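Asker: One predicted model, sequence on top.
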Amino acid sequence: MTATASPTSAPARIETDLLVVGAGPTGLFATYYAGFRGHRVAVVDSLPELGGQVTAMYPEKLILDVAGFPAVKGRDLVAGLVEQAATADPAYLLGRTATTLEHGDDGVVVGLDDGTEVAAGAVLVTAGIGKFSPRPLPAGEGWLGRGMEFFVPSFAPYAGKDVVIVGGGDSAFDWALHLEPVARSVRLVHRRDAFRAHERTVQQVRDSSVEIVTRAEVTALRGAEHLEEVEVTVDGEATTYPCQALVAALGFIADLGPLQQWGIDVHKRHVVVDPSMRTNLPRVFAAGDITEYPGKVRLIAVGFGEAATAVNNATVAIDPTAHVFPGHSSEGS
């Protein structure tokens, strides 16, 4: 089962029971669960393929906190979720953005940026951090695609190269760890001595052949048609390193986009929900990394549970005669 999907040629108006906004892991599991509850379901995402950030940013990364999998690659997790979601026979509306929301007597109508309208009994927002764009590397202007990248979707292109990774978060350290046995050399450059990455991963990188350069910044990239070397400045002193591939892992600028115009309660770029995953808007629920409530923990594993909670509670909004609790999936009919 592939983890991608092509945009559907949609009619001007689609009618469904549940509209899921966001096709990352939480949205895909919610899609399956909506089918489990007997709902028609449509899924919209601004990206052109399924899997959200996992597919776009770290398909080769091992994910270690999903129940039932001691370790699973991002792309394999997405492939399994896509196969599971297929049981709901969803309508995928990819490469499109949900822009407007209107309430009616028995549902909502969500307008998409291509003019399509989706009439649904309820909406479930699983949009992660929303639309995201990488933070730029000041010295890297003009080098994107010429040796500098923001993501590492595949390790093969880095084989035998001198690689410099800029950043101190989880992505920077994960990529350093995975590229170390593939590349000729790996250097990790960070502006501070402290790191945001998980301590275990930091220690694994320290124990590897990766060179960690701190209190440093990349001040120049050089080469003819393609990157050949980088200049790294530490405490005012510049050093030049050979480099044919640079990964700028400096984090992302998140934007909830048109969702913020819906009147939804947002706190620090996250959607506020109650224990039922309800937002302040009727028939609008949220789950996954986008949500905010006391004690919130942003993990894929948590998103899966929130998706089930949201769908079960949305079921009552869609059909007032239904029950929140569906019974156990292991029970016979």
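Answerer: All right, it came through fine. Everything quoted here is computed from the prediction, not taken from an experiment.
Asker: Who are the contact partners of the residue lying closest to Gly160 once chain neighbours are set aside?
Answerer: What sits nearest to Gly160 in space, not counting adjacent residues and going by Cβ to Cβ, 6 or more residues apart in numbering, is Arg184, at 5.3 Å. No exception for glycine: its C-beta is placed from N, CA and C like everyone else's. For Arg184, the contact set (Cβ atoms under 8 Å, 6 or more residues apart in numbering) comprises 160-163.
Asker: Show me what the host helix or strand of Val54 is packed up against.
Answerer: Assigned by DSSP states H and E, Val54 belongs to helix 52-57. Using 3 or more Cβ pairs under 8 Å, 6 or more residues apart in numbering; DSSP states H and E as the contact definition, the elements that helix 52-57 packs against are helix 25-36, helix 74-85.
Asker: Name the residues that touch it?
Answerer: Residues outside helix 52-57 that contact it (Cβ under 8 Å, 6+ apart): 3-4, 22-25, 27, 45, 47, 49, 63, 74-75, 77-78, 128-129, 132, 151, 153, 171.
Asker: all helices for the stretch 201-333 of the chain, in order.
Answerer: Using DSSP state H, counting those that start in this stretch, the helices found in the stretch 201-333 of the chain span residues 300-318.
Asker: Ala286 contacts Gly128, doesn't it?
Answerer: No. Counting by Cβ atoms under 8 Å, Ala286 stays clear of Gly128, with 10.8 Å between them.
Asker: picking that back up, now do the residue nearest to Gly160, the pLDDT please.
Answerer: On pLDDT, Arg184 comes in at 98.
Asker: just Ile129 next, same as before
Answerer: At Ile129, pLDDT is 70.
Asker: before we move on, what SS does it have?
Answerer: Three-state assignment for Ile129 (DSSP: H, G, I helix; E, B strand; the rest coil): coil.
Asker: And it, how close does it get to Gly305?
Answerer: 19 Å (Cβ to Cβ, to the nearest Å).
Asker: Kindly report the same for Val271.
Answerer: With Cβ to Cβ as the criterion, Val271 and Gly305 are 17 Å apart.
Asker: cool, Pro153 as well?
Answerer: Distance, Pro153 to Gly305, using Cβ to Cβ: 28 Å.
Asker: Please apply the same query to Ile14.
Answerer: 28 Å.
Asker: So for those two, which sits in the more crowded spot?
Answerer: Ranked by neighbour count (other Cβ atoms under 10 Å), Ile14 and Gly305 place Ile14 first, with 20 against 15.
Asker: Distance check, that one against Gly111.
Answerer: According to Cβ to Cβ, Ile14 stands 11 Å off from Gly111.
Asker: Lys73 too?
Answerer: Taken as Cβ to Cβ, the span from Lys73 to Gly111 is 36 Å.
Asker: Val218 too?
Answerer: Taking Cβ to Cβ, one finds Val218 at 43 Å from Gly111.
Asker: the more surrounded of these two?
Answerer: Val218 (23 against 16).
Asker: mind listing what's buried in stretch 114-126?
Answerer: The neighbour-count check on stretch 114-126 (16 or more other Cβ atoms under 10 Å) flags 116-126 as buried.
Asker: Which members of these occur in strands, if any?
Answerer: Residues of the buried residues of stretch 114-126 located in strands (DSSP state E): 117-125.
Asker: Closest one to Gln203 out of the residues you listed, please.
Answerer: Closest approach to Gln203 among these (Cβ to Cβ): Val125, at 36.8 Å.
Asker: Can you tell me the element the closest residue to Gln204 other than its chain neighbours falls in?
Answerer: Once flanking residues are discounted, Gln204 sits nearest to Leu177: 5.7 Å by Cβ to Cβ, 6+ apart. Leu177 is located in helix 170-179, with elements delineated by DSSP H and E.
Asker: still on that earlier bit, among the helices and strands packed on helix 52-57, which is the most enclosed?
Answerer: Greatest average neighbour count among these goes to helix 25-36 (a mean of 28), per mean count of other Cβ atoms under 10 Å.
Asker: quick check, distance from that one to the centre of its chain.
Answerer: Centroid displacement of helix 25-36 relative to its chain, using Cα atoms, centre = their mean, to the nearest Å, is 16 Å.
Asker: ok, now how distant is Gln260 from Glu228?
Answerer: 43 Å.
Asker: Leu250 too?
Answerer: Using Cβ to Cβ, we find Leu250 at a distance of 22 Å from Glu228.
Asker: between those two, which one's more packed in?
Answerer: Leu250 (21 against 14).
Asker: quick one, what contacts Ala310?
Answerer: Ala310 neighbours (Cβ under 8 Å, 6+ apart): 30, 124, 276-277, 285-287.
Asker: meant to ask about His39
Answerer: 16-18, 88, 121, 311, 315, 318.
Asker: Report pLDDT for it.
Answerer: Here the pLDDT value assigned to His39 is 97.
Asker: Then Phe132?
Answerer: Model confidence at Phe132 (pLDDT) stands at 66.
Asker: Same check on Val218?
Answerer: pLDDT at Val218 comes out at 97.
Asker: Same question for Gly52.
Answerer: pLDDT at Gly52 comes out at 86.
Asker: What of the one 3 residues further on?
Answerer: pLDDT recorded at Thr55 is 80.
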